[in-house]
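Participant: structure of the sequence below:
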Amino acid sequence: MSGVRVLVGTHKGAFILSADGKREAWDVSGPHFPGWDVYHLKGSPVNPNRLYASQTSGWFGQVIQRSDDGGKSWEQVGKEFAYDGVPGTHQWYDGTQHPWEFKRVWHLEPSLHDPDTVYAGVEDAALFKSTDGGQSWHELSGLRQHTTGSQWVPGAGGMGLHSILQDPADPKRMFIAISAAGVFRTDDGGATWKATNRGLRSDYMPVPDAEVGHCVHNINMHPARPSTLYMQKHWDVMRSDDAGESWREISGNLPSDFGFPIGVHAHEPETIYVVPITSDSHHYPPEGKLRVYRSRTGGGEWEALTNGLPQSDCYVNILRDAMAVDRLEPCGVYFGTTGGQVYGSPDGGDHWSCMVHDLPAVLSVEVQTLA
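Facilitator: Below is the predicted model:
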């Protein structure tokens, strides 16, 4: 029987929610790695038993965990991402006398084709790759060496590489997003990168339409249309139909175009989801009403989805990696909040229910669809 596994990273450990294809009753496993920040937890799209987790602590450093049995047991991998004797310091030794330090792994992205290949986006912004299931890593240094690198600056949450999109039709093409630098694309497997931010405008910058410096919160795509990208930016919801070469605004009738995640329906490439919050200073839903907004036209025209969501006195936030979809029919949509709730809809957003509550603040939500 088909089913889903919802992978939840929080400020105090990871949780795994499992259900059959009806998605009515949920079994909850966890906390895994209790007391640790789990910034991201994601499963391999080609091996349903393979999971990766970014386990991090300001005191004990950065750990990568791997499970080969769907989260029942875990193995620490990636010794390069390890505590080196200085609390809160993570160092990458590249053969020089002066190792480069980074704070944490923000995002893990397993390969679409090979269960042993996985990418890691870190803060300060850099991209790493492992081809042995996370045991060893090497940096795709062409990104950090980009000619605009000296112009990258941290956003309010740091300078994290938080989004990694692989083109299913072209294994050498990948998109990444950095806060606050923007979107970059590689067409040669990560050797070289191009800034793809034309059309973005950020009025808080000295040069509003500069090549880099834009605070991109999240990017997403539908695998059937890898040249169409959707973006939730620090103000503005955007779309590109030419692999990032140009962007146009699609905020339309949203009550606020500030938010963090953006999701794409599994079977409808023009159906997208955002969760608006009031502003960059007020990180809670407009009017205290928790509303997911859906566009069936690829943006511009939006409808509020409220059935089953609190419509008064709700002051939670939904972070950039805290929304995901499954591939069942009808498509399921899931998101987690800083208040510790995880909501799910088994029908594309028409009806919602709280799958679990009173968790620590949710940092990430990912989904594995199980055969």
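Participant: where's Tyr52 relative to His351, distance?
Facilitator: 32 Å (C-beta to C-beta, to the nearest Å). For the C-beta atoms, the positions are set from N, CA and C on the backbone; glycine is no exception.
Participant: look at these two and report which has more neighbours.
Facilitator: Here Tyr52 and His351 are compared on neighbour count by other C-beta atoms under 10 Å; more neighbours surround Tyr52, at 26 against 13.
Participant: and the more buried one, that's in a strand?
Facilitator: Yes. The assignment for Tyr52 by DSSP: H, G, I helix; E, B strand; the rest coil puts it in a strand.
Participant: shift numbering so it begins at 830
Facilitator: Right, with 830 as the first residue, what we last looked at is Tyr881.
Participant: and it, bridged to which residues?
Facilitator: Beta-bridge pairing for Tyr881 (DSSP bridges): Lys871, Arg895.
Participant: so it makes contact with His936?
Facilitator: No. Counting by C-beta atoms under 8 Å, Tyr881 stays clear of His936, with 10.4 Å between them.
Participant: next, count neighbours for Leu1029.
Facilitator: Leu1029 has 27 neighbours, counted by other C-beta under 10 Å.
Participant: from memory it sits against Met1067, does it?
Facilitator: Yes. Using C-beta under 8 Å, Leu1029 is in contact with Met1067, at 6.8 Å.
Participant: what is in contact with the two at once?
Facilitator: Residues within reach of Leu1029 and of Met1067 at once, by C-beta atoms under 8 Å, 6 or more residues apart in numbering, are Trp1076.
Participant: nearest residue to the middle of this structure?
Facilitator: Nearest residue to the geometric centre of the chain (C-alpha atoms, centre = their mean): Asp1150, 3.3 Å.
Participant: for it, give its distance to Thr839.
Facilitator: Relative to Thr839, and taking C-beta to C-beta, Asp1150 is found at 12 Å.
Participant: swap in Asp849?
Facilitator: Asp849 is 24 Å from Thr839, by C-beta to C-beta.
Participant: so between these two, which is more surrounded?
Facilitator: Thr839 (28 against 14).
Participant: residues contacting the residue nearest to that one when sequence neighbours are not counted?
Facilitator: Spatial nearest neighbour of Thr839, excluding adjacent residues (C-beta to C-beta, 6 or more residues apart in numbering): Pro1189 at 4.0 Å. With contact set as C-beta under 8 Å, 6+ apart, Pro1189 has these partners: Thr839, His840, Lys841, Gly842, Gly1169.
Participant: just curious, which of those residues is nearest to Ala1010?
Facilitator: His840 (25.4 Å; C-beta to C-beta).
Participant: quick one: contacts for that closest one?
Facilitator: His840 makes contact with Asp866, Pro1189, Ala1190, Leu1192 under the criterion C-beta under 8 Å, 6+ apart.
Participant: export those to a markdown table and tack on distance to Pro1035?
Facilitator: Formatted as a markdown table, the contacts of His840 follow (distance: C-beta to C-beta, whole Å):
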| residue | distance to Pro1035 |
| --- | --- |
| Asp866 | 33 |
| Pro1189 | 38 |
| Ala1190 | 34 |
| Leu1192 | 32 |
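Participant: nice, that's everything, thank you.
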